[in-house]
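Participant: Give me a model of this one.
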Amino acid sequence: MSKDVEVQPPSLREFDGWAMWALHGLCLFIAVGHIYVAFDPFISEFQRNAYHFAGFAFLAAVYNPMFRGQTRSPGLFAFDLTFGVAVAAAAIYIPYAETPIYDRGVNLIALDWIAIGLCILGGLELTRRLTGWVIPILIITALTYIGFWGQYIGGVFSFPGLSWETIAFRSLFGDDAMFGTIARISSTYVFLFIIFGAFLLRSGAGEFVISIAQAVAGRMAGGPGIVAVIASGLTGTISGSAVANTASTGVITIPLMKRAGFRPAFAGGVEAAASTGGQLMPPIMGAGAFVMASFTQISYEKIVAAAALPALLYFLSVAFFVRIEAKRLDLKPMDSGGETFGSAFRKGGASFVIPIAALITMLVMGFTPAYAAVFGILAVIASSWLTQNPMGPRAVVEALVMGTKGMIMTAVLLCSVGLVVNVISTAGIGNTFSLMIAGWAGGNLLIALTLIAIASLVLGMGLPVTAAYIVIATLSAPAIAGMISDRVVIDILAAGALNDGAKAVLMLGAPETMALLSGPIPIEQATEIIRALPLEVAAPLRDLIVPPEATVAAILSAHMIIFWLSQDSNVTPPVALASFTAAAIAKAPAMQTGIESWKLAKGLYIVPLLMAYTPFLSGDWGVALVIFGFAVFGIYGLAGALQGCLERRLNWPMRGFAAIAGAACLWPGILFVNIAGVAAVLGLLTLSMRVGHASPPVRTT
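Facilitator: Next comes the predicted model:
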């Protein structure tokens, strides 16, 4: 080769020639292998998880250079390639070493040490490349805690320590380890649903989403903003990623919003807030629904069904802000571009509606999510032939490759986070942390939720949403579930309806209450008694008197609350990836866009309060719909108070009245207060509409 010919090294995302075809072939092999194993599990679960990590670790090493932002030289590319091969080979070796390790009495030989070390090192380095330094530091801190420095700290977090051989073995072979439960979720449900989403996108369903949103909301005042909300909600059923949702729909919706008259920062904030809701929208919900099902042992179908109304409430809350801002600026409706339901459906409606309907039907019929996802993929291919974009063999291959590439970060992340979860379960930190939360909160659920919200925000600055949820749920979900269950205990105690067994347990922890147990007592006194109980008394008391269905609802509510609160890092400065992505598209200041998106995403805080203080997730659809109806009016009133406008601008006394009315609609457990709040919001809206017609609001720039 001539010296004056410049050698072009492989770039970060793209490869040319044989390298591209080889990587695409590997992606195709990985995708087809996972789909086949879903139907014919000819290998063990542990083998599948290890091979899953091996494939994606290699892809992560090749597609993501050691040093970001620099052109990768041939030497560095060779190192990355070698590193990827070494980590993948180590992960493939581990299942074959399992039986010999047990035969030796869990004694590791040199080759075992090398393989385990490469797997852990691969998890550390590849998560650093993909997500930054936070997760590697967290993993190192966790492993050294149980191996070294835990014995030197006093108090409840003191840990005597384990041998490094035991730590190495448990890090890969335990149920909660690197190739354990969370890796199983990644290698089955999550990957199959990401492939399903890739097929939907390749079939043209994304274009249908934008078109149907324009047909619905294009002619409304502030319609482009509503288009963003609808499009992001529907796209969320496909992607389950806030940043991907923002990038895919934002390039269309943000320019539309700016053209309609919205400020650039507000337009970016709308897209970021709406896209964040994509991870709350069933049936995919990112990886959250699958992880939640594994943690709680509640079926995936029940979790998805319970998540539907809260997700709809969140999107309505963002839409209310958009509508109110449009009225505040006196924006006029825009032309929808001639889109109708018919024209939108012809662009790819069949390849979206039919597979989603088939997926939901199969889940309701009791099929596993993995089977439902595979049949959903087949439904996409079949239904695409009813549209203008039929999927042939080439399109199928492209969708499989696209899904595999889109899974790289999630796969490596979920497997690596297993190292942290394993330490938490091994050392019992979860129970200790739950006790600390209960102690700090003094049994007050609102204080506990505030602590969780702060923790999720701090962790979310460095961890992806799913990882933040896993860590926080492992540490604090038992405490939140216990406090929610305590409301049942308090009601029974206040009514004087404790059974004899419960009275005996209660007197062990609070013997001074013996004289009070013969009849009803004030609810405040009952609350004080239960909050003061030590955990060793409170837990068996709950087991005795809380009905099983209420216990399940409390567990589901606790995990759903944590999952919702973990989303706020997408839209809350100083680190808000979805907001910053939207800001780049909108050409707006990043921090200003982040503040706007944080304001618009208030549903992330309001809806979890409903989950905590009302039976919103109890499984009773009649009760849930009533709570949903009151919440719609409550959130609308609060949005008007925050924006200072309904159909016209509100002065400060009216904003205060709107805030009180909105809070009354949301107040738990007092029906007449809720009804009065709805009446107040409706009255204020009617007054605003009448005055608005007489005196149009002044448009601002």
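Participant: how much distance is there from the longest helix seen in the chain to the middle of the chain?
Facilitator: With secondary structure taken from DSSP state H, the chain has its longest helix at helix 393-427. Averaged C-alpha coordinates place helix 393-427 at 15 Å from its chain's average position (C-alpha atoms, centre = their mean, to the nearest Å).
Participant: which other helices and strands contact that helix?
Facilitator: For helix 393-427, the packing partners by 3 or more C-beta pairs under 8 Å, 6 or more residues apart in numbering; DSSP states H and E come out as helix 17-39, helix 45-63, helix 110-131, helix 134-147, helix 164-173, helix 181-185, helix 191-202, helix 465-494. No exception for glycine: its C-beta is placed from N, CA and C like everyone else's.
Participant: what's the shortest one in contact with?
Facilitator: If I follow you right, that is helix 181-185. The set of residues external to helix 181-185 that reach it, using C-beta atoms under 8 Å, 6 or more residues apart in numbering, is 45, 48-49, 52-53, 175-176, 287, 290-291, 294, 414-415, 417-418, 421, 470.
Participant: Check stretch 242-255 too.
Facilitator: Counting by C-beta under 8 Å, 6+ apart, stretch 242-255 makes contact with 201, 206, 209-210, 224, 227-228, 231-232, 235-236, 239, 264, 267-268, 270-272, 275-276, 278-279, 406, 465, 567, 570, 577-578, 581-582, 585-586, all of which sit outside it.
Participant: Kindly give a single ChimeraX line that selects the buried subset of those residues.
Facilitator: Here is the ChimeraX selection string for the buried members of the contacts of stretch 242-255, based on 16 or more other C-beta atoms under 10 Å:
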select :201,206,209,210,224,227,228,231,232,235,236,239,264,267,268,270,271,272,275,276,278,279,406,465,567,570,577,578,581,582,585,586
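Participant: tell me the mean pLDDT for the longest helix of the chain?
Facilitator: For helix 393-427, the mean pLDDT works out to 91.
Participant: ok, and for that helix, which residues are buried?
Facilitator: Buried positions in helix 393-427, judged by neighbour count with 16+ other C-beta under 10 Å: 395-427.
Participant: a markdown table please, covering the helices and strands packed on helix 393-427 and showing distance to residue 625.
Facilitator: Written out in a markdown table, the entries for the helices and strands packed on helix 393-427 read as follows (distance: least, C-beta to C-beta, whole Å):
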| stretch | distance to residue 625 |
| --- | --- |
| helix 17-39 | 35 |
| helix 45-63 | 40 |
| helix 110-131 | 39 |
| helix 134-147 | 40 |
| helix 164-173 | 47 |
| helix 181-185 | 31 |
| helix 191-202 | 28 |
| helix 465-494 | 21 |
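Participant: Tell me which of those helices sits nearest to residue 332.
Facilitator: Between residue 332 and the helices and strands packed on helix 393-427, the shortest gap by C-beta to C-beta is with helix 191-202, which sits at 33.2 Å.
Participant: which of the helices and strands packed on helix 393-427 is buried the deepest?
Facilitator: Burial among the helices and strands packed on helix 393-427, expressed as mean neighbours by mean count of other C-beta atoms under 10 Å, is greatest for helix 191-202, which shows a mean of 26.
Participant: now the angle from that one to helix 45-63?
Facilitator: Taking axes from the mean of the first three to the mean of the last three C-alpha atoms, to 10 degrees, helix 191-202 and helix 45-63 form an angle of 50 degrees between their directions.
Participant: Remind me what helix 191-202 packs against, helices and strands.
Facilitator: helix 17-39, helix 350-364, helix 369-384, helix 393-427.
Participant: can you list those in TSV and add distance to residue 111?
Facilitator: Conversion of these to TSV gives the following (distance: least, C-beta to C-beta, whole Å):
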stretch	distance to residue 111
helix 17-39	25
helix 350-364	44
helix 369-384	34
helix 393-427	21
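Participant: Residue 128 is nearest to which of those?
Facilitator: Among the helices and strands packed on helix 191-202, helix 393-427 comes nearest to residue 128, with 9.9 Å by C-beta to C-beta.
Participant: Helix or strand next in line after the closest one, which one?
Facilitator: helix 429-441 (DSSP states H and E).
Participant: After that next one, heading C-terminal, what element do we hit next?
Facilitator: Sequence-wise, the next helix or strand beyond helix 429-441 is helix 445-460, with elements assigned using DSSP H and E.
Participant: residues making contact with that following helix?
Facilitator: Residues from elsewhere that reach helix 445-460, judged by C-beta under 8 Å, 6+ apart: 437-438, 440-441, 468-469, 471-472, 476, 479-480, 483-484, 561-562, 565-566, 568-570, 572, 575, 605, 608-609, 612-613.
Participant: Point out where the stretch 351-500 of the chain drops to low pLDDT.
Facilitator: 461-463 (pLDDT under 70).
Participant: go on, the chain?
Facilitator: Applying pLDDT under 70 to the chain picks out residues 1-17, 69-71, 218-219, 236-240, 334-339, 461-463, 575, 691-701.
Participant: before we move on, the earlier item: any idea of the angle the longest helix of the chain forms with helix 134-147?
Facilitator: Orientation of helix 393-427 against helix 134-147 (the same axes, to 10 degrees) gives an angle of 30 degrees.
Participant: between helix 393-427 and helix 17-39, how many degrees?
Facilitator: If you take the same axes, to 10 degrees, helix 393-427 sits at 70 degrees to helix 17-39.
Participant: which SS class is residue 159?
Facilitator: Three states are possible here, and by DSSP: H, G, I helix; E, B strand; the rest coil the one that applies to residue 159 is coil.
Participant: From residue 426, how far off is it?
Facilitator: To residue 426, residue 159 is 9 Å away according to C-beta to C-beta, to the nearest Å.
Participant: and if you look at residue 146?
Facilitator: When distance is defined by C-beta to C-beta, residue 146 is 6 Å away from residue 426.
Participant: Mutual contacts of these two, please.
Facilitator: The contact lists of residue 146 and residue 426 share residue 162, where a contact means C-beta under 8 Å, 6+ apart.
Participant: returning to what we had before: so which of the contacts of stretch 242-255 belong to helices?
Facilitator: With helices taken from DSSP H, the overlap with the contacts of stretch 242-255 comprises 201, 206, 209-210, 224, 227-228, 231-232, 235-236, 264, 267-268, 270-272, 275-276, 406, 465, 577-578, 581-582, 585-586.
Participant: Tell me who's in contact with residue 45.
Facilitator: Residue 45 sits in contact with residue 184, where contact means C-beta under 8 Å, 6+ apart.
Participant: ok, back up a step: what's the closest of the helices and strands packed on helix 191-202 to residue 638?
Facilitator: When the helices and strands packed on helix 191-202 are ranked by proximity to residue 638, the top entry is helix 350-364, at 31.7 Å, counting by C-beta to C-beta.
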